[in-house]
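Trainee: okay, structure incoming, though there's no sequence with it:
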């Protein structure tokens, strides 16, 4: 199946292509607007709707009538303890506070636990509503360690592992990541042909 992954992030695309290797996964960076919400599914629905409209306009401009690919959008949340934050706002927390600031934020609330969550929405041609797939990894907030990775990777040490995401190789991280778990569920559903 042809899948358009609506992202501008080459790291996410690489991981998706590896896991969904039986399918034709293409990146489409449409510069989609991202609404602000604590509900990742609401964010994804809005992105998929915007992506569907933009792609339909693009298709009409070249004389095509219908998009023949599935659309895939993902959103990552990072939940610190029981604070209810930053969730989907992690990008803005990283830009504003930095990694050390996120650790200070966690400590201010006596929170040393965290949860990384990837929510994926898939919209097949002709579908009115997307189907959602979620992957979660729990772990600890630690002082920044490691230079690879991005976002919260240097301060997140998954349960059962001695390394932060940033200290892991791509292969190590991709084998256990929250995105891996969600994409694996997508692959299972695609392989059964039951959307």
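Mentor: Structure received. These numbers were taken from a predicted model, which means no experiment stands behind them.
Trainee: make it CA atoms for all contacts and neighbour counts henceforth
Mentor: Will do.
Trainee: so which elements touch the longest helix anywhere in the chain?
Mentor: Looking across the chain with DSSP state H, the single longest helix is helix 40-61. Other helices and strands packing on helix 40-61, by 3 or more C-alpha pairs under 8 Å, 6 or more residues apart in numbering; DSSP states H and E, are strand 70-80, strand 113-123.
Trainee: nearest to residue 28, of those strands?
Mentor: Proximity to residue 28 (C-alpha to C-alpha) singles out strand 70-80 among the helices and strands packed on helix 40-61, at 9.6 Å.
Trainee: immediately after the closest one, which helix or strand?
Mentor: On the C-terminal side of strand 70-80, the closest following helix or strand by DSSP states H and E is strand 86-87.
Trainee: and that following strand, which strands flank it?
Mentor: strand 70-80 (antiparallel) (DSSP bridges).
Trainee: what is the mean pLDDT for the strand it pairs with?
Mentor: The predicted model assigns strand 70-80 a mean pLDDT of 95.
Trainee: can you check stretch 40-58 too?
Mentor: Rounded mean pLDDT across stretch 40-58 is 91.
Trainee: what's in contact with that stretch?
Mentor: 6, 30, 32-37, 65-67, 71-77, 88, 119-121, 123, 130, 132 (C-alpha atoms under 8 Å, 6 or more residues apart in numbering).
Trainee: buried among those? Make that a PyMOL selection.
Mentor: This is the PyMOL syntax for the buried subset of these, where burial follows 16 or more other C-alpha atoms under 10 Å:
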select buried, resi 6+32+67+71+72+73+74+75+76+77+88+119+120+121+123+130+132
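Trainee: name the residues linked to the closest residue to residue 124 other than its chain neighbours by a beta bridge.
Mentor: Leaving aside its chain neighbours, residue 124 sits nearest to residue 70 (4.3 Å; criterion: C-alpha to C-alpha, 6 or more residues apart in numbering). Per DSSP bridges, the residues bridged to residue 70 are residue 3.
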